[in-house]
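no sequence on hand, only this structure:
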Ligand SMILES: Nc1ncnc2c1ncn2[C@@H]1O[C@H](COP(=O)(O)OP(=O)(O)OP(=O)(O)O)[C@@H](O)[C@H]1O
């Protein structure tokens with residue numbers, strides 16, 4: 001059964017139609033990515049889900065309940081880590097739980113045992129500026145998933161990292177995800193990342209965004225750090241071709 005369902009969702013921003021008839025779904029424990037050209041409306045979808053925007057048409061539900069405005073169904077990790085520079089890592093990571101009403105003490109008790117898995121052991125009392133980019137992203141991810149919300153929304157979580165750190169983070173993330181199986185909707189420009197991490201991928205057209213392809217990735221996990229099997233390689237090439245067509249380029 002689908003946890004998240006968007007049916008025929010449309011949004012206009014200013015004078016422009018940004019999303020047009022978007023339908024997608026995410027099942028429990030599924031990892032779904034949205035790929036699309038720059039400016040297509042990927043972040044707009046997350047703004048709808050987090051209540052920052054309203055849709056003009058269509059219906060969104062989470063676990064069968066309509067989502068309209070601010071919702072407790074989603075934990076959102078933005079493109080930049082968005083850690084508060086004046087809060088120590090432990091206090092950044094507990095923030096989402098405190099916002100939910102948990103006491104700081106209880107939130108710390110919940111989070112402390114998880115620091116090791118997120119490579120943050122020994123860094124709880126440091127400030128964000130004292131951590132590497134990868135560590136900050138892991139802290140932001142921990143802050144997101146520890147909230148226990150039904151769906152994790154990840155907006156280009158590795159996009160700001162250098163290539164080596166990004167690859168390390170993707171490997172680490174794949175490993176964590178295989179254990180935790182968070183229901184995840186990821187937005188990315190990176191075709192390889194989408195193919196490596198996802199169960200399914202939706203491809204958006206250029207604005208106004210419509211879903212122009214839906215691709216299931218059947219390659220067994222773990223995928224990162226292994227030679228890309230021919231089928232996944234072909235899927236990468238096909239997805240890249242679709243995106244290039246949307247941006248007006250062709251090979
Ligand atoms: N506040 C706003 N008012 C009007 N139009 C906006 C506003 N914010 C974004 N847009 C437009 O909506 C469209 C979709 O933006 P969005 O940020 O969702 O795209 P995106 O696919 O996430 O882009 P990128 O991959 O570059 O981050 C863009 O064309 C943008 O110009």
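It's in. Quick caveat: nothing in here was measured; it's all calculated off a predicted structure.

and the residue of the stretch 151-251 of the chain that's closest to the ligand?
The ligand sits closest to residue 207 of the stretch 151-251 of the chain, with a gap of 5.0 Å, by C-beta to the nearest ligand atom. All C-beta atoms are positioned from the backbone trio N, CA, C, and that covers glycine.

how much space between the nearest residue in space to residue 188 that is not next to it in sequence and residue 8?
In space, and not counting its chain neighbours, residue 188 is closest to residue 194: 5.4 Å by C-beta to C-beta, 6 or more residues apart in numbering. Residue 194 sits 24 Å away from residue 8, going by C-beta to C-beta, to the nearest Å.

within range of the ligand, give me the residues from the protein.
13-14, 16, 18, 36, 38-44, 189, 207 (C-beta under 6 Å from any ligand atom).

thinking again about what came up before, who has more neighbours, residue 194 and residue 8?
residue 194 (26 against 12; other C-beta atoms under 10 Å).

pretty sure that one contacts residue 36?
No. Judged on C-beta atoms under 8 Å, residue 194 makes no contact with residue 36 at a distance of 10.4 Å.

shared neighbours, the two?
Common contacts of residue 194 and residue 36 (C-beta atoms under 8 Å, 6 or more residues apart in numbering): none found.

looking only at pLDDT, what's the mean for the strand or helix carrying residue 43?
Assigned by DSSP states H and E, residue 43 belongs to helix 42-49. Helix 42-49 carries an average pLDDT of 92.

for that helix, name the packing helices and strands.
Contact here means 3 or more C-beta pairs under 8 Å, 6 or more residues apart in numbering; DSSP states H and E; on that basis helix 42-49 packs against strand 2-13, strand 16-27, strand 74-77, strand 151-155, strand 184-188.

same thing but 7 Å
In terms of contacts (3 or more C-beta pairs under 7 Å, 6 or more residues apart in numbering; DSSP states H and E), helix 42-49 is packed against strand 2-13, strand 16-27, strand 151-155, strand 184-188.

so where's the chain uncertain?
Residues of the chain meeting the criterion pLDDT under 70: 81, 248-251.

give me that answer again for 80
1, 68-71, 80-81, 247-251 (pLDDT under 80).

domain ranges for it?
Using automatic domain parsing, the domains assigned to the chain come out as 1-22+41-71, 81-184, 191-251.

and residue 101, how many neighbours does it have?
So residue 101, with other C-beta under 10 Å, has 8 neighbours.

my error: substitute residue 15 in the last question.
Neighbours of residue 15 (other C-beta under 10 Å): 5.

return the distance of it relative to residue 178.
For residue 15, the distance to residue 178 - C-beta to C-beta - is 45 Å.

residue 165 belongs to a helix?
Yes. The assignment for residue 165 by DSSP: H, G, I helix; E, B strand; the rest coil puts it in a helix.

what's the helix or strand for the closest residue to it other than its chain neighbours?
Closest residue in space to residue 165, ignoring its immediate chain neighbours: residue 134 at 4.5 Å, by C-beta to C-beta, 6+ apart. For residue 134, the host element (DSSP H and E) is helix 133-145.

what angle sits between that helix and strand 184-188?
Computed with axes from the mean of the first three to the mean of the last three C-alpha atoms, to 10 degrees, the direction of helix 133-145 lies at 140 degrees from that of strand 184-188.

and helix 133-145 with strand 151-155, angle?
Using the same axes, to 10 degrees: helix 133-145 against strand 151-155 is 150 degrees.

mind listing residues that contact helix 133-145?
Helix 133-145 is contacted from outside by 75-77, 81-83, 89, 92-93, 95-96, 114, 118-120, 123, 128, 131, 152, 157-158, 160-161, 165, 168-169, 180, 182, using C-beta atoms under 7 Å, 6 or more residues apart in numbering.
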